[in-house]
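Visitor: Structure of the sequence below:
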Amino acid sequence: MKCPKCQFENPDDAQFCIECGNSIEFHCPKCEAITPVTGKFCKACGHNLTQPSEPAPKELSFDEKIRKIQKYLPQGLTERILSQRDRIEGENRQVTATFPHYAC
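Guide: Modelled structure (predicted):
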């Protein structure tokens, strides 16, 4: 079994690489279950392990978010948002929705 870190060929029963000491356990990129390196599908969730996994999207900072949407906002609005930056927070409202019930 090859070490995922140094690619050294280890005995099949090895839990740690005998060359670099790295754990030989492979974690499924979807559910993080420990799966044998030789498997094609995750034993816990069935995720296809032969396909390259997409990296997790990077969380953007406030400044990056503003730069990204700035071209869609009027100039004055961008400046107002930035001037009140420390006071900006989400708004939660309680909503009640009613749906009519029709008897057939």
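
Visitor: Just list the residues touching the closest residue in space to residue 43 that isn't next to it in sequence, thanks.
Guide: Sequence neighbours aside, residue 35 is the residue nearest to residue 43 in space, at 5.5 Å (criterion: Cβ to Cβ, 6 or more residues apart in numbering). To be clear about C-beta, it is placed using only N, CA and C from the backbone, and glycine gets the same treatment. By Cβ atoms under 8 Å, 6 or more residues apart in numbering, the contact set of residue 35 is 26-28, 42-44, 49.

Visitor: Using PDB, write out every CA atom in the helix or strand that contains residue 77.
Guide: Element membership for residue 77 (DSSP states H and E) is helix 75-83. Provided in PDB are the C-alpha atoms of helix 75-83 (Å, rounded to 0.1, in the frame of the first residue of the first chain):
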ATOM      1  CA  GLN A  75     -21.300  54.500  -6.500                       C
ATOM      2  CA  GLY A  76     -23.100  56.200  -3.500                       C
ATOM      3  CA  LEU A  77     -24.400  52.900  -2.100                       C
ATOM      4  CA  THR A  78     -21.000  51.300  -2.000                       C
ATOM      5  CA  GLU A  79     -19.700  54.300   0.000                       C
ATOM      6  CA  ARG A  80     -22.600  54.100   2.400                       C
ATOM      7  CA  ILE A  81     -22.100  50.400   3.000                       C
ATOM      8  CA  LEU A  82     -18.400  51.000   3.700                       C
ATOM      9  CA  SER A  83     -19.100  53.900   6.100                       C
END
